[in-house]
Structures are given as C-alpha cells and as structure tokens.
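**Student:** Sequence first, predicted coordinates after that:
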Amino acid sequence: MEAADEVVELDDQESRNGAFKMKERLQKRHKERLEDAERRKEAKENLSVASESVEYFLSTFNDQRSAIEELLCGCLDADQKAAARRLEEASSKTVQLQKFLNDSIMFLTTHDRRKAQVAIEKLQTSLNETREKVLPKKKFGFRGRTKASSATVEESAVAPPVDPGITQVDGDPAIAQCGFSNMSDMVLVKTAEEIQKEDVHLSHLSNCKVRLYGSPSTLHLKHIDRCEILCGPVATSVFVDFCESSTLVLACQQLRTHNTQDTCVYLHVTSRAIVEDCRGISFAPYSWSYPNLEEDLRVAGLDPERNNWDQVDDFNWLAAGTPSPNWTVIPEEDRKTTWDA
C-alpha cells in the first residue's frame, strides 16, 4: 500500500513539474511575442522618423536652393553695388546649404545625397558665372619685365627662397583666369593682391611648389601630381580632382575631394570635409603661417577657433560605426610644421 502511495506521489510530482515547464514555455513564448511586437513597432517608428526627416530635408533643401537661385537671377538686373551684396549673400547661403547636407548625411540614401551634392555644385558654378558677368575682372596686358621689376614682384610676394635649378613664376600669361596651368618642376607664387577674392585655378601641375598668399574666393585643383600647394584662407570652397602623391595646405569653408590618392592634407575647415573615390588620404591641422594670415582669415570669414579637420565624410563608405579605410589622421610626430625654411 505504501509503495502504491509513493508511485502516486511521484506521478503527481512529475505532473506538477510538467505543468510548471509548460507554463514556463508559454510565458517564454509570450515574452518573445511581446519583444518581437515591440521591435516591429520600434522599426516602424524609426522608419517613420527617417521618412519624416528625409521629407523635411528635401523640402528645406529645395527651398534654400530656390532662394539662392533667386538671388543670382536678381544680380543680372541690379547695379554693381547691389549685385555684389546679392553675390555675397548667395555665397554665404551656399556654404550653409552644404553644411545642412553634411549634417543630414546619416539618414539620407546614397541617391539623395549625391543628387543634393550635384545641385550644390551647380549652384557654385552658377555663382561663379554670375560673378564673372556682373563683376567683370579688369583687363590687363602682359609685357616684358626688367630684372628690377621682377625683383620688386618677388619681394612683395614675401616668397620663400627658391630652390636651386627651379624657376619662379609670379604670373601665367598662358591662361586668362587666375592661377597656373601646364607646368612642371617650378616654384609658382601668387601675391595677395593678385588672388584676393578671385577664383583661383591650378591644373596639370607636376612636381611644383605653389604658394598662394591672400584670400581667394574659391580654389580649384585638377590633375595635380607630386606637388606641394600652400594656400591662404579661401572664402568659400576648395575643389580637388585627380590629385596624386601631393601635399595640400588649405583653409576654407568646405573641402570636396574627388579621384585623389596618396595625398596629405593640412586642413582648416569650418564644415565637414568630403572625399569621394579617394584612397590614401591623410589629414592634419593647417600649419602654414605667413604675414597677414590673421587678416586673411578675417577677410575669408573663417573662425580660427573652429576647425573640423578630422571630421571627414567618405561618400564611398557607408558602414556606420566603422572608420573609412580611405583616409587617416597623420600622427603628431609625423606632421610638418615648417614649410618655407
């Protein structure tokens, strides 16, 4: 009889254990269903927030772009003084629009981001073209210089000593625009008076040392090979395309770099720098100093205390939380601080 009672108690215990385990499994499944439902709800809310953010970005971006276009159109019918004010306002708004894009990159698709960047580049081109129409540059002619006049120009440039065997050029009659083109193995200098508020173009330079004093409006670098280029504060943007094995020392509102490799950039930038289709780019803070640099920073509207030199957006690298392999920071011990010795 006692044995039978023990069997009954064991059966009851197993039944209770089975019921407990069943209850535990049901609770676990219920918890998993709740967690899954919460995840779906959160994902839906995030998608909604992202969608609203994209809609806000596109609406705001298009409104600001239209405002800039309207300013540029108004320049054509305005007197020179009013046109200059409109151009200055359009330039400032274009820089702000680039910053707005940079700050919104995290939730934009690659398509939306590229489309917006192309629109900004078109605005910059239109800005430059409008400036040339309403504020034409003074025409000038070239003539042979005596040794005395050449020496005067070199002294006013406050240029670094010229390396033996390298010719110094302080003007380029081969091109109408401000800058240098199709040169190799030379030291090239532009004075502050020559480039102040001008659009400067450097193209097809090989193994050259370039010094640009003063504050240009924009700077365009294209097809640069094994060059050292130092530039004073740029009021708006620096565009770099097809640059290789070079050193660039730049201060600007925004930097956009394409198709560039194995290049060091010593940078002062108030927005976030952008690289695209680049590799082997390394960054360090701007380290060039020359007479009147502080004044040129003021003319360019750059804040000396605000430098995002190591805040770089790589448009070819979309892995969130993982650094892009296409650019690095130059270690402090490897940074160059003396340029003209």
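**Tutor:** Cool, the structure landed. Numbers count the residues shown, from 1 in each chain.

**Student:** alpha carbons only for contacts and neighbour counts from here, please
**Tutor:** Fine.

**Student:** what's the burial count for Glu88?
**Tutor:** By other Cα atoms under 10 Å, 15 other residues sit near Glu88.

**Student:** sec struct for it, please.
**Tutor:** helix (DSSP: H, G, I helix; E, B strand; the rest coil).

**Student:** for Leu34, same thing?
**Tutor:** Three-state call for Leu34 (three-state DSSP): helix.

**Student:** Distance check, it against Lys23.
**Tutor:** Using Cα to Cα, to the nearest Å, Leu34 is found at 16 Å from Lys23.

**Student:** so Arg335 touches Phe283, yeah?
**Tutor:** No. Assessed by Cα atoms under 8 Å, Arg335 is found out of contact with Phe283, at 9.3 Å.

**Student:** Name the residue in these two with the higher neighbour count.
**Tutor:** Using other Cα under 10 Å, the more surrounded residue of Arg335 and Phe283 is Phe283, with 22 against 15.

**Student:** For that one, give the beta-bridge partners.
**Tutor:** Beta bridges link Phe283 to Val265, Val329, judged by DSSP bridges.

**Student:** Secondary structure element holding Asn128?
**Tutor:** When elements are assigned from DSSP states H and E, Asn128 belongs to helix 110-134.

**Student:** Can you give the distance from that helix to the centre of its chain?
**Tutor:** 14 Å (Cα atoms, centre = their mean, to the nearest Å).

**Student:** Against which helices or strands is that helix packed?
**Tutor:** Other elements packing on helix 110-134 under the criterion 3 or more Cα pairs under 8 Å, 6 or more residues apart in numbering; DSSP states H and E are helix 2-75, helix 80-104.

**Student:** ok, Lys115 to Leu108 distance?
**Tutor:** Per Cα to Cα, Lys115 is found 11 Å from Leu108.

**Student:** Those two: which is more packed in?
**Tutor:** In this view Lys115 and Leu108 are compared by other Cα under 10 Å, and Leu108 has more residues nearby, 17 against 11.

**Student:** dump the residue contacts of the more buried one.
**Tutor:** Val54 (Cα atoms under 8 Å, 6 or more residues apart in numbering).
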